[in-house]
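Trainee: Quick one, fold the following:
(chains A and B)
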Amino acid sequence: MVTIFGKPLILLYGQLTLGLINGAFYALLSLGLAVIFGLLNIINFTHGALFMLGAFTTWALLNYAGIGYWPSLILAPIIIGALGLVIERVLIKRIAGLDHLYGLLLTFGLSLIIEGLMRNRFGSSGVPYEIPSVLQGATNLGFMVLPRYRAWVVVAAVVMCFFTWLLIEKTRLGATLRAATENAPLVQAFGVNVPRLVTLTYGGGVALAAFAGVLAAPMNSVNPNMGSNLIVVVFAVVVIGGMGSILGSILTGFGLGIIEGLTKVYYPEGSATVIFVVMALVLLLRPAGLFGRAT
Amino acid sequence: MFAFTRAQAIAFAVMVALILVAPTVLYPVFLMKVLCFALFACAFNLLIGYVGLLSFGHAAFFGMGSYIAAWTAKNWGLSSELAILAGGGVGAILGVVTGWLAIRRQGIYFAMITLALSQMVYFFCVEASFTGGEDGIQQVPRSPLFGVIPMQSDMSLYWLVAVVFLAGFLLIHRIIHSPFGQVLKAIRENEPRATSLGYRTDTYKLVAFVLSAALAGVAGATKSQVFGIATLTDVHWSMSGEVVLMTLLGGIGTVFGPVLGALVFGSLETYLAQFGDWVTVTQGAIFVACVLAFRRGLIGELAGRLGLTL
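Mentor: As a prediction, this is how the structure comes out:
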């Protein structure tokens, strides 16, 4: 058996794939958080709950409307994105201009409500969702056996991240968005409807979380706690990467997923905490985050 | 010595009177839980109310204090006051490390860093052997006070808890109204200005953080003495959220707000327990309502209406 540092290569590849998958979720979620933070100046604690709702929407579409995985991949983000628009208009808008800690508290309360309601309805164990038939099974790559669905998750996340990056960095809409992030009153003076841009940005960021939720639905069970467990780690990822750069969020997300995977191979006990340790180190060496600007 | 205003002195007298009378009407264990939460919330309020730092990781200090007190009381047979002090000491040590890392960033990042570090403590507690993992530390003895005064009955323990709470409460009040506390408030209002006046703001923030963490540890340690158990619940981040809720509900930056917040919260948790996850929904709804409608909290609104400082 081929080994690296005393660990079988098969194990290493397996955990690296899992790491990439976790990284894909970190990247998608921290990307949404960064975009929202840039324009609204709030940390969206509801992000995890909306990720979970994305997965449940996928499940509900199948069980109540007979709509399968592939249409859900587009429908669920639209539905949750629309919910995001409502949340922004009805709740978050009211606290604009206040200390941004209130944004954290408001969205935290909202996530408690959503998760509590879902736990009441579905219990803590959740409901199963089947992998779409095309992606079932595994492909033998010669050096490892790769479950097809896992490969798909990584590819889909990378493509989604790429398009988000393209939208923000290379289009006119993205340019307006970046300008508004720098100086909203000035952009408004040029005739851009900034409040609408803010609402749409929140909806867009939330739709990214829902997209991640759809990808996550067939991985384990769809359960009400899937978001809150993830969001704390994503916060650490955001601290490590800093929220200044889109590409930074993506790279940090994937990078940390891989580090976590490697830790699972070489020091399993530390795999749950390794990201927090990295965060502590980054805070010591580069307090503004790897890609961040000093605040 | 404690620089109470007239209104605060009256409110304090009312509070002490209520603490004295309450056990004749209400179940002492419930009251002890409320007092532990109240001390926890007051410690948290020291940071958010007077330094303007939102820590989302205070469960780490509370929970670790609870574990250490339970472990030392059970395995070393420490008397209750020493077990509680040990819990506070560990809270302080953990506070030094967490604070030292977290004060490098401000505002939202500070909240996220404390949350992440407390999650690390949580995972440590899941893995470590001394915490008993999912089972927690059970059947912790209510050890005698000073090694001689028995604490088996609920009422004798109640007086100890009441004394611990009042001591913590007065200590916090003393800190806030000391010259040190004035500098903390200056940092809250305008940190660059405080720096330009020659204060090492990071040192002040760190000391405040450690004090808050130590008192949170004391609160957790006392709770484990009351219930005879220390579990992962106390160290989980939802506990951090709950202490934020108590303080926000009662009134951030008010002296008596966190106490009232803890009372309301404790009652909610106890009397709604049969409705399961509706407790979480209610908590969330209170958060949203507080942030949108009354940011000053119950005591803050009351004091504002009456034109008093409470």
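Trainee: Could you report the neighbour count for the residue in the stretch 151-300 of chain B positioned nearest to chain A?
Mentor: Taking C-beta to the nearest C-beta as the measure, the stretch 151-300 of chain B has B:Phe287 as its residue closest to chain A, at 2.5 Å. All C-beta spots, glycine's among them, are computed from the backbone N, C-alpha and C. Neighbour count for B:Phe287, taken as other C-beta atoms under 10 Å in any protein chain shown: 24.
Trainee: Count the neighbours of A:Trp165 for me.
Mentor: With other C-beta under 10 Å as criterion, A:Trp165 counts 17.
Trainee: correction: A:Ala175
Mentor: Other residues within reach of A:Ala175 by the criterion other C-beta under 10 Å amount to 12.
Trainee: So it, which state does it fall into?
Mentor: The three-state label given to A:Ala175 by DSSP: H, G, I helix; E, B strand; the rest coil is helix.
Trainee: separation between it and A:Gly81?
Mentor: Distance of A:Ala175 to A:Gly81, given as C-beta to C-beta, to the nearest Å: 22 Å.
Trainee: With the flanking residues excluded, which residue is spatially nearest to A:Ile67?
Mentor: A:Leu61 (4.1 Å; C-beta to C-beta, 6 or more residues apart in numbering or on different chains).
Trainee: rewinding a little: hmm, A:Gly109 and the residue of the stretch 151-300 of chain B closest to chain A touching each other?
Mentor: Yes: using C-beta atoms under 8 Å as the test, B:Phe287 is close enough to A:Gly109 to be in contact (2.5 Å).
Trainee: can you pull the contacts of the residue nearest the centre of chain B?
Mentor: Centroid-nearest residue in chain B, with C-alpha atoms, centre = their mean: B:Phe40, separated by 1.1 Å. By C-beta atoms under 8 Å, 6 or more residues apart in numbering or on different chains, the residues touching B:Phe40 are B:His58, B:Phe62, B:Leu215, B:Ala216, B:Ala219, B:Gly220, B:Val243, B:Met246, B:Ala262.
Trainee: Put together a markdown table for these, with distance to chain A, pLDDT and secondary structure on each row.
Mentor: Converted to a markdown table, the contacts of B:Phe40 look like this (distance: C-beta to the nearest C-beta, whole Å; pLDDT from 0 to 100; DSSP: H, G, I helix; E, B strand; the rest coil):
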| residue | distance to chain A | pLDDT | secondary structure |
| --- | --- | --- | --- |
| B:His58 | 14 | 95 | helix |
| B:Phe62 | 17 | 97 | helix |
| B:Leu215 | 21 | 97 | helix |
| B:Ala216 | 19 | 97 | helix |
| B:Ala219 | 21 | 96 | helix |
| B:Gly220 | 20 | 96 | helix |
| B:Val243 | 12 | 95 | helix |
| B:Met246 | 13 | 94 | helix |
| B:Ala262 | 17 | 96 | helix |
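Trainee: what does the host helix or strand of B:Arg174 contact?
Mentor: Element membership for B:Arg174 (DSSP states H and E) is helix B:154-176. The contact list for helix B:154-176 (C-beta under 8 Å, 6+ apart) reads B:1-4, B:16, B:19, B:23, B:28-29, B:31-32, B:35-36, B:38-39, B:42-43, B:45-46, B:50, B:80-81, B:84, B:142, B:145, B:149-151, B:181, B:184-185, B:211, B:215, B:218-219, B:222, B:225-226, B:255, B:259.
Trainee: Can I get the one helix or strand B:Gly261 maps to as PDB, trimmed to CA atoms?
Mentor: Using DSSP H and E, B:Gly261 sits in helix B:257-271. C-alpha atoms of helix B:257-271 as PDB (Å, rounded to 0.1, in the frame of the first residue of the first chain):
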ATOM      1  CA  GLY B 257     -31.300  45.500  33.700                       C
ATOM      2  CA  PRO B 258     -29.400  42.200  33.500                       C
ATOM      3  CA  VAL B 259     -30.900  41.000  36.800                       C
ATOM      4  CA  LEU B 260     -34.400  41.600  35.600                       C
ATOM      5  CA  GLY B 261     -33.500  40.100  32.200                       C
ATOM      6  CA  ALA B 262     -32.300  37.000  34.000                       C
ATOM      7  CA  LEU B 263     -35.500  36.700  36.000                       C
ATOM      8  CA  VAL B 264     -37.700  37.000  32.900                       C
ATOM      9  CA  PHE B 265     -35.500  34.600  31.000                       C
ATOM     10  CA  GLY B 266     -35.300  32.100  33.800                       C
ATOM     11  CA  SER B 267     -39.100  32.200  34.100                       C
ATOM     12  CA  LEU B 268     -39.600  31.700  30.400                       C
ATOM     13  CA  GLU B 269     -37.200  28.800  30.300                       C
ATOM     14  CA  THR B 270     -38.800  27.100  33.300                       C
ATOM     15  CA  TYR B 271     -42.500  27.700  32.500                       C
END
